[in-house]
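K.L.:
Need coordinates for the following:
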Amino acid sequence: MLRELKTFIAVARYGTFAAAGMHIGLTQSAISAQIRNLENALGQQLFDRTGRQAILNAAGERALPMAREMLDIFSRMGTADSASECSGELKIGAIASVQTGLLPAALLRLRQAAPRVEPKLVPGVSLNLLSQVDAGELDVAILIRPPFALPKELHTQVLRQEPFVLIVPHHLAGEDPLQLLRDHPLVRYDRTSFGGRLVSRFLREQRLEVNVALELDELDGIVKMVECGLGVSLIPLAGLWVEHGARVRIIELGELTFHRELILLLRHSQRNLPVQRLFSECLEG
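P.N.:
Residues are numbered from 1 along each chain as shown. Modelled structure (predicted):
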């Protein structure tokens, strides 16, 4: 029945049998058969089927957290008592700046402490990584804390706070960050991302009307755009550009400084598993 539970969770997440099948590698008919088996075993329907959509009904809403808990319990049954004895895959989600920042050294420490564990790195943006942890598709993820409350099933650990700064082309004169933002085009941190939403809030609070030259969600790419003179940008002090240097001027925001918070995210039921606990320690150094 475990595979039926996994399929049930996938359909609940993706909203249709076809979409769930595409993500977990089953045909639509196989998905239908597994959901039918689960509903027959429980003696009740779990979805209201409207056209192609499969929407959780009251019974489905009640069953979903229990299905996730059952899969969590099953996964813990095969877990070794200590991290050094563990083997198998650890699926780690990470935003781009983490992949080139704190993650490489942490993975080396993990390798030394648990050589039989095979990390699998899954890149993504914070919102997608959050959804994948929530759905059980990732064991852990490192992302920006979202600007909304997280489900109670998810556990967070704060890793670091990264201050936002204004970066400008090296030749550009001026020290007042607000004036520079008013006078020059903005290479904007994607406003749909968690970090970009922090920038939007800052601009709103400072009542700044900006001229957007370009919008993207990749810190090192933003830095390159500023280097070539496309505009100025508000970004966190993080990423390869900080470590390797860049042909930009960094202007601190002083008392106006705001931060993005990097967190380690995992399911609450798995926070004390040996490998997850070890990985958390490896991130802290």
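
K.L.:
Longest helix of this structure, counting residues only.
P.N.:
In the chain, assigned by DSSP state H, the helix with the most residues is helix 58-77.

K.L.:
Check which helices and strands that helix sits against.
P.N.:
Here helix 58-77 touches helix 2-14, going by 3 or more CB pairs under 8 Å, 6 or more residues apart in numbering; DSSP states H and E. In this view, the C-beta of every residue, glycine as well, is placed from N, C-alpha and C.

K.L.:
any idea of the mean pLDDT for the next helix-or-strand element following the longest helix of the chain?
P.N.:
Following helix 58-77 in sequence order, the next helix or strand is strand 88-94 (DSSP states H and E). The pLDDT scores in strand 88-94 average 93.

K.L.:
Can you tell me what sits against strand 88-94?
P.N.:
Strand 88-94 is contacted from outside by 103, 110, 116-124, 129, 132-133, 137-143, 275-276, 279, using CB atoms under 8 Å, 6 or more residues apart in numbering.

K.L.:
Just the buried subset of those residues, please.
P.N.:
Burial by neighbour count, 16 or more other CB atoms under 10 Å: within the contacts of strand 88-94 this picks out 103, 110, 117, 119, 124, 129, 132-133, 137-143, 275-276, 279.

K.L.:
The closest residue to residue 253 other than its chain neighbours: neighbour count?
P.N.:
The shortest distance from residue 253 to any non-neighbouring residue, by CB to CB, 6 or more residues apart in numbering, is to residue 177 (5.6 Å). Here the number of neighbours of residue 177 (other CB atoms under 10 Å) works out to 22.

K.L.:
How are the strands of the stretch 51-200 of the chain distributed by residue range?
P.N.:
Counting by DSSP state E, counting those that start in this stretch, the stretch 51-200 of the chain has strands at residues 53-56, 88-94, 117-123, 140-144, 154-169, 186-189.

K.L.:
pLDDT averaged over the fifth one, what's the number?
P.N.:
Read it as strand 154-169. pLDDT averaged over strand 154-169 gives 96.

K.L.:
Over to the first one?
P.N.:
Averaging pLDDT along strand 53-56 gives 90.

K.L.:
Quick one: list the elements packing against that strand.
P.N.:
With contacts taken as 3+ CB pairs under 8 Å, 6+ apart, strand 53-56 sits against strand 47-50.

K.L.:
Can you give me the buried ones in the strand it packs on?
P.N.:
In terms of neighbour count (16+ other CB under 10 Å), strand 47-50 has its buried residues at residue 47.

K.L.:
What of stretch 43-59?
P.N.:
Of the residues in stretch 43-59, 46, 47, 54, 56 count as buried by neighbour count, 16+ other CB under 10 Å.
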